[in-house]
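Engineer: Provide a 3D model corresponding to the input given below.
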Amino acid sequence: MALTLRTDQLNDFIGKEVGVSEWMLVDQERINQFAEATGDHQYIHVDPERAAKTPFGTTIAHGFLTMSLMVEMGYEGSTKLESAVMGINYGFDKLRFINPVKVNSRVRGRFQLMSAEEKNPNQWLLKHAVTVEIEGEDKPALIAEWLGMTVVE
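Structural biologist: Numbering: from 1, shown residues only. Predicted structure coming up:
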């Protein structure tokens, strides 16, 4: 569940874990739909027979698919502001794909608030350190420093 804060509480949570999302299944249907949406039909993603002969032993999710799942994970795990009217993706300061996500794996996001800055009146730039974990794996799928602009009333 996401942590909802007032803007005057943000500094108290800098450097702290603010949430963890639920596990999400990354199945072949999701991978295939992402391939269709992006045009990335590389066999390691969409051809189970050929992918079985790779070091992965099966198909793997696109790195950008794993990254894009952070949106849903963020609804569940990142910091929310009490008076928010909208949130805007502001980009990344850092993003690294550490470990491939094999088909039928489950992933979740772990969020730590790194910084909070009022950029303009009623506009807060929040930076979260995000780790996308793979169930049963020691190494995460990815690590990121994700920026989001929240507009408050």
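
Engineer: how near is Leu5 to Phe13?
Structural biologist: Separation of Leu5 from Phe13 (C-beta to C-beta, to the nearest Å): 7 Å. No exception for glycine: its C-beta is placed from N, CA and C like everyone else's.

Engineer: for Ile44, give me its contacts.
Structural biologist: Contacts for Ile44 (C-beta atoms under 8 Å, 6 or more residues apart in numbering) come out as 50-51, 54, 56, 59-60.

Engineer: tell me which element Ile143 falls in.
Structural biologist: Using DSSP states H and E, Ile143 sits in strand 142-152.

Engineer: neighbouring strands - and their directions - for that strand?
Structural biologist: Taking DSSP bridges as the criterion, strand 142-152 pairs within the sheet with strand 84-97 (antiparallel), strand 123-134 (antiparallel).

Engineer: deepest in the core, which of those is it.
Structural biologist: strand 123-134 (a mean of 20; mean count of other C-beta atoms under 10 Å).

Engineer: pull the CA atoms of that one into CSV?
Structural biologist: In CSV, the C-alpha atoms belonging to strand 123-134 read as follows (Å, rounded to 0.1, in the frame of the first residue of the first chain):
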residue,chain,number,x,y,z
GLN,A,123,4.6,21.2,-7.8
TRP,A,124,6.7,18.6,-5.9
LEU,A,125,9.5,16.6,-7.5
LEU,A,126,9.8,13.3,-5.7
LYS,A,127,12.7,10.9,-6.3
HIS,A,128,12.4,7.3,-5.4
ALA,A,129,15.0,4.5,-5.4
VAL,A,130,13.1,1.6,-6.8
THR,A,131,14.2,-2.0,-6.8
VAL,A,132,12.2,-4.5,-8.9
GLU,A,133,12.5,-7.8,-7.2
ILE,A,134,12.0,-11.2,-8.7
